[in-house]
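Novice: need a structure here:
(one chain, ligands or ions: 2)
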Amino acid sequence: MANLEIRGITKKFNDTTVLSDLNLDVRQGEFFSIVGPSGCGKTTLLRITAGLEFPDSGKILINDTDVTALPPQKRKTGIVFQNYALFPNMTVSENIAYGLEILKTDKSVIKNKIDSVLEIVSLSHKLNNSVTSLSGGEQQRVSLARVIVTEPELILFDEPLSNLDYALRIETRNELKRLQRDAGITSVYVTHDQTEALALSDRIAVLDKGIVQQTGTPHEVYYDPRNSFTAGFIGHANLFDEINSEIIFNVRTGRGKFLALLPEEIRPVKNETDGKGIITDVQFTGFSTEYSVQVNEKIIKTLCATASEAEHLKTGDKVSLNILSVNGENKLRILDK
Ligand SMILES: Nc1ncnc2c1ncn2[C@@H]1O[C@H](COP(=O)(O)OP(=O)(O)OP(=O)(O)O)[C@@H](O)[C@H]1O
Ligand SMILES: [Mg+2]
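Specialist: Ligands and ions are numbered 1, 2, ... in the order given. Just a heads-up that it's a prediction; the model follows:
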């Protein structure tokens, strides 16, 4: 198990700064996610950590040792890619053995290691199958087994589940979490899917435009975002400026500040006489129903548990908006920017 320190990493491609004086600390055994929109620099940061790319400045430390100048194979890290990167003409066991053969590991040791790693990823029965005959989820487990078998101290994941369909993604994600917990390997997991990051992580770093916006536990980044980017990206929060806060909720934010409310913290209530909002869209998704409400020019997203609703609203209904408690408290979430 390793700890990882990313110190002042800056990286430019041509004249564009992709990562800007970036600092992160990942603790031993932690499942740490880096989440942010497409193009914000996640893969670049992971590749620099793995030694596949060099930073313009800054340092990478693994177990307090500066590895910035070391090649990938000397860093005791494994990397799991989105596209699995398996050898299509080989069987499951040949794919897993490959890395160990390069390290000139003894044949009998390789066999034992393959047996035990296949048990961990529940694929013992597919030992001699060609990898192309496996499902997407099974292939992803082989790519994970191939990394685990080399006994890395740190595993880097680059959107490993994004090629899987929804159900398989959830199943593989639960399995991944179990494996990581059992093996206790420090993991850095890159994704643009904030739900995945919330579900899997001990802590999350929110990245935008190559800058860390916030680091915290899933609860902290969700309920206590430090700025409007984190509020919007992690919780799909609605942001209300000084004027809208006062008009819609009678809340004074102070000059230039924003009231941030998560969709589930706002309750639309039918009010044909005084309602300032109009329901413009209704999306029923089973457990919950999402109502879009327009007030003047602003579209506000609200989310209600379907079963808890006394009356079902429909497009065109006039509503007033009530604030429910914010994270179980009466304190409002006011942000500077
Ligand atoms: N080798 C390269 N040469 C030039 N520009 C690059 C190179 N690699 C990445 N970039 C640019 O750096 C920026 C960050 O890319 P990166 O792949 O790190 O983003 P990402 O956060 O992983 O995005 P995604 O979620 O789409 O995978 C992008 O604008 C990309 O075009
Ligand atoms: Mg990427």
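
Novice: what residues are up against L239?
Specialist: 228, 231-232, 258-260, 335 (C-beta atoms under 8 Å, 6 or more residues apart in numbering). Placement of C-beta: from N, CA and C, glycine included.

Novice: in what helix or strand does it lie?
Specialist: Element membership for L239, per DSSP states H and E: strand 238-240.

Novice: hang on, G41 packs against G210?
Specialist: Yes: using C-beta atoms under 8 Å, G41 is in contact with G210, at 4.3 Å.

Novice: between these two, what contacts are shared?
Specialist: In contact with both G41 and G210: 11, 18-19, 22, using C-beta under 8 Å, 6+ apart.

Novice: Most widely separated two among the residues you listed?
Specialist: V18 and L22 (9.9 Å; C-beta to C-beta).

Novice: Phi and psi next, for the most far-flung residue of the chain relative to its centre.
Specialist: In terms of distance from the mean C-alpha position of the chain, T273 ranks first, at 43.5 Å (C-alpha atoms, centre = their mean). When read as degrees, to the nearest 10, the backbone of T273 gives phi -90, psi -50.

Novice: before we move on, what about E297?
Specialist: Dihedral angles (degrees, to the nearest 10) for E297: phi -90, psi -10.

Novice: how deep is it tucked in, by neighbour count?
Specialist: As a burial measure, E297 scores 6 neighbours (other C-beta atoms under 10 Å).

Novice: With I170 instead?
Specialist: If we define neighbours as other C-beta under 10 Å, then I170 has 15 of them.

Novice: Just the pLDDT at it, thanks.
Specialist: Reading off the confidence values, I170 has pLDDT 86.

Novice: so which strand or helix has it?
Specialist: helix 166-183.

Novice: on that earlier part again, and the strand holding L239, which strands flank it?
Specialist: In the sheet, strand 238-240 lines up against strand 258-261 (antiparallel) (DSSP bridges).

Novice: before we move on, the earlier item: can I get the contacts of L239 in CSV with neighbour count?
Specialist: Converted to CSV, those look like this (neighbours: other C-beta atoms under 10 Å):
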residue, neighbour count
S228, 16
A231, 27
G232, 14
F258, 23
L259, 24
A260, 23
L335, 18
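
Novice: between the residues you listed, which is nearest ligand 1?
Specialist: The shortest approach to ligand 1 among those belongs to G232, at 16.8 Å (C-beta to the nearest ligand atom).

Novice: Close to ligand 1: what parts of the protein are there?
Specialist: 13, 18, 36, 38-44, 192 (C-beta under 6 Å from any ligand atom).

Novice: Among the residues you listed, which ones are in helices?
Specialist: 42-44 (DSSP state H).

Novice: Report the buried members of those.
Specialist: 42-44 (16 or more other C-beta atoms under 10 Å).

Novice: Fine by me, we can end here.
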